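J.: coordinates only, sequence not included:
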Ligand code: URA
């Protein structure tokens, strides 16, 4: 568990005025419980994604970005799509936004190794444009299979595109955040995209409220 001083530092790094919640920090998952990549078809799924040619993005990508973390995680974070750095490194959220996402997790007492982080689509759209409908449709089966294997206790939809896609709605993010939705019976909380937070410092307080809602939700599900 993070000590309070460290936690305060992370919150400060996010630009958040600090007050301490009395909520218990989610337990660190025992390393014995970490999923091995071979189980439940995870390996097969990873291989399928790596060789995917279901849409035109396979022609422009450097590599697919399957996701990283613990495939038995309680927390599943789903972003929009890989950007340039992710396409180069084959990992989700590795640029500046990724660093802020790591800080957001740390503020909740979590590490990237404890959660699973992926995207709605597994290949970078050229020039980071929004994913097209056919690209989302082609890729969605992979996400559903990841969800079925991981069986998380909570899903964080990171940013507007992820939230709208997962919840099948056109509502703006402001209307989607601040409440607990469900996806296939799993609670889903919408959070601001860290790239947006890097541009809109004023929203960081609301971002912390979203994270608190997520922590409250998972804590409730554990009783
Ligand atoms: N933005 C996303 O939504 N996903 C990434 O992996 C990186 C940036």
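T.: That came in fine, so what should we check first? Given the structure is predicted, the values throughout are model-derived calculations rather than measurements. Residues are numbered from 1 along each chain as shown.
J.: tally of neighbours for residue 130?
T.: 12 (other CB atoms under 10 Å). For the C-beta atoms, the positions are set from N, CA and C on the backbone; glycine is no exception.
J.: secondary structure element for it?
T.: Under DSSP states H and E, no helix or strand contains residue 130.
J.: skipping adjacent residues, who's closest to it in space?
T.: Of all residues not flanking residue 130 in the chain, residue 161 sits nearest, at 6.2 Å (CB to CB, 6 or more residues apart in numbering).
J.: test my guess that that neighbour contacts residue 80.
T.: Yes. The pair residue 161 and residue 80 qualifies as a contact (CB atoms under 8 Å) at a distance of 4.2 Å.
J.: what sits in contact with each of the two?
T.: Both residue 161 and residue 80 are contacted by 120, 130, 131, under the criterion CB atoms under 8 Å, 6 or more residues apart in numbering.
J.: now, which of those residues sits nearest residue 189?
T.: residue 120 (16.2 Å; CB to CB).
J.: is it true that that closest one touches residue 161?
T.: Yes. The pair residue 120 / residue 161 is scored as a contact, 6.9 Å apart, by CB under 8 Å.
J.: neighbour count for the two, which is higher?
T.: Using other CB under 10 Å, the more surrounded residue of residue 120 and residue 161 is residue 120, with 23 against 20.
J.: for the more buried one, give its distance to residue 129.
T.: 14 Å (CB to CB, to the nearest Å).
J.: repeat for residue 146
T.: According to CB to CB, residue 146 and residue 129 sit 24 Å apart.
J.: cool, and residue 145?
T.: Distance from residue 145 to residue 129, by CB to CB: 26 Å.
J.: same question for residue 187.
T.: The gap separating residue 187 from residue 129 is 31 Å, by CB to CB.
J.: out of the two, which sits in the more crowded spot?
T.: Higher neighbour count among residue 187 and residue 129: residue 187, with 19 against 9, using other CB under 10 Å.
J.: just want the residue of the protein that's nearest the ligand.
T.: Closest residue of the chain to the ligand, CB to the nearest ligand atom: residue 79 (2.9 Å).
J.: so which residues on this structure come close to the ligand?
T.: The chain comes close to the ligand at residues 79, 80, 81, 82, 83, 86, 92, 93, 97, 119, 159, as judged by CB under 6 Å from any ligand atom.
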